[in-house]
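**Q** Below is the structure, and that's it, no one-letter string:
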């Protein structure tokens, strides 16, 4: 089984590059199941029902979120319609499902979404306690975790702690793809999958606006950058007989103008 996971989708240009390349990636990599983090998809914060439907129509099988899960309040009114949307299990307040089990190639795949604690907004429990709860509740063959967290040390510790009990841990939130993809025992791991958004930006935000806000200390509006985008993701191969990860490969497609 091949699982494609796409990192944080940021704004219109991030969405467009996904729609452009997803069909070819799925064909070339023989993908059986696609997951994407969409918490920044609606102009940098949150997701809307319209975008949810667009992603599912485009061929994404499950959507995870993060600390901006409910930034677009309209999504709360549509959560019952969003069966393939997974919000962090330990989010405060806890509103939507934190994990979901899918039947893929006759295998029960549990997709989980968790928030880290370090340098993040308060959560209702640690990701460690939350994962233990999910393992007690969910009856699955393999477990895929989108760990939406700031600190690499917390992500690595999480991976090392659960490496004998889950199948894949993919970090999101920092929007910068890390080069530490590896197998921890039989579990696939990467600290951050990276973002799908404008390449010439500050993790997806407009450079000038960020400069005025953080250097000149001006009060600014949250402005998403526009321009050529980068695509970031990973492909994880699962041995369905042994129910273990056998490989993890980074995918990165930069704008053609970038050397």
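**A** Yep, that arrived. Note that the structure is a prediction, hence the values are computed from the model and not measured.
**Q** For stretch 95-104, buried residues please.
**A** 96-100, 102, 104 (16 or more other CB atoms under 10 Å). (Glycine included, C-beta is placed from N, CA and C.)
**Q** Out of those, which one has the lowest pLDDT?
**A** Note: of the buried residues of stretch 95-104, the lowest pLDDT belongs to residue 96, at 92.
**Q** just to revisit the earlier point, format the buried residues of stretch 95-104 as a markdown table; extra columns: distance to residue 198.
**A** As requested, those are exported to a markdown table (distance: CB to CB, whole Å):
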| residue | distance to residue 198 |
| --- | --- |
| 96 | 28 |
| 97 | 31 |
| 98 | 30 |
| 99 | 31 |
| 100 | 30 |
| 102 | 31 |
| 104 | 32 |
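**Q** Show me the two of these that sit farthest apart.
**A** The largest separation in the buried residues of stretch 95-104, counting by CB to CB, is between 96 and 104 at 21.4 Å.
**Q** I'd like the distance from the helix or strand residue 53 falls within to the chain centre, please.
**A** If you go by DSSP states H and E, residue 53 is part of helix 49-57. For helix 49-57, the separation from the chain centroid amounts to 16 Å (computed by CA atoms, centre = their mean, to the nearest Å).
**Q** Just after it, pick out the following helix or strand.
**A** strand 62-64.
**Q** by contact count, what packs against that following strand?
**A** In terms of contacts (3 or more CB pairs under 8 Å, 6 or more residues apart in numbering; DSSP states H and E), strand 62-64 is packed against strand 33-37, helix 49-57, strand 85-86, strand 107-115.
**Q** Residue 88 is in contact with residue 120, correct?
**A** No - judged on CB atoms under 8 Å, residue 120 makes no contact with residue 88 at a distance of 10.0 Å.
**Q** Neighbour count: these two, which is higher?
**A** Neighbour count, other CB atoms under 10 Å: between residue 120 and residue 88, residue 88 has more, with 30 against 18.
**Q** so what's residue 178 up against?
**A** 152, 171, 190-192, 194 (CB atoms under 8 Å, 6 or more residues apart in numbering).
**Q** and it, helix, strand or coil?
**A** coil (DSSP: H, G, I helix; E, B strand; the rest coil).
**Q** if I pick the closest residue to residue 177 other than its chain neighbours, what's in contact with it?
**A** Of all residues not flanking residue 177 in the chain, residue 194 sits nearest, at 2.8 Å (CB to CB, 6 or more residues apart in numbering). By CB under 8 Å, 6+ apart, the contact set of residue 194 is 7-8, 175-178, 230, 232-233, 252.
**Q** Could you rerun that using 7 Å?
**A** Taking CB atoms under 7 Å, 6 or more residues apart in numbering, we find residue 194 in contact with 7, 175-177, 232, 252.
**Q** cool, residue 26 as well?
**A** 4, 34, 59.
**Q** Can you tell me the element the nearest residue to residue 1 once chain neighbours are set aside falls in?
**A** Leaving aside its sequence neighbours, residue 1 sits nearest to residue 238 (CB to CB, 6+ apart; 4.2 Å). Using DSSP H and E, the element containing residue 238 is strand 229-239.
**Q** Mean pLDDT per helix and strand in the protein: which one sits at the bottom?
**A** helix 207-214 (a mean of 94; mean pLDDT, DSSP states H and E).
**Q** tell me which residues in it are buried?
**A** 209-210, 213.
**Q** returning to what we had before: what's the farthest-apart pair in the contacts of residue 194?
**A** 175 and 252 (12.7 Å).
**Q** Compare the two and say which one has the larger neighbour count.
**A** Comparing residue 175 with residue 252 by other CB under 10 Å, the one with more neighbours is residue 175, at 23 against 13.
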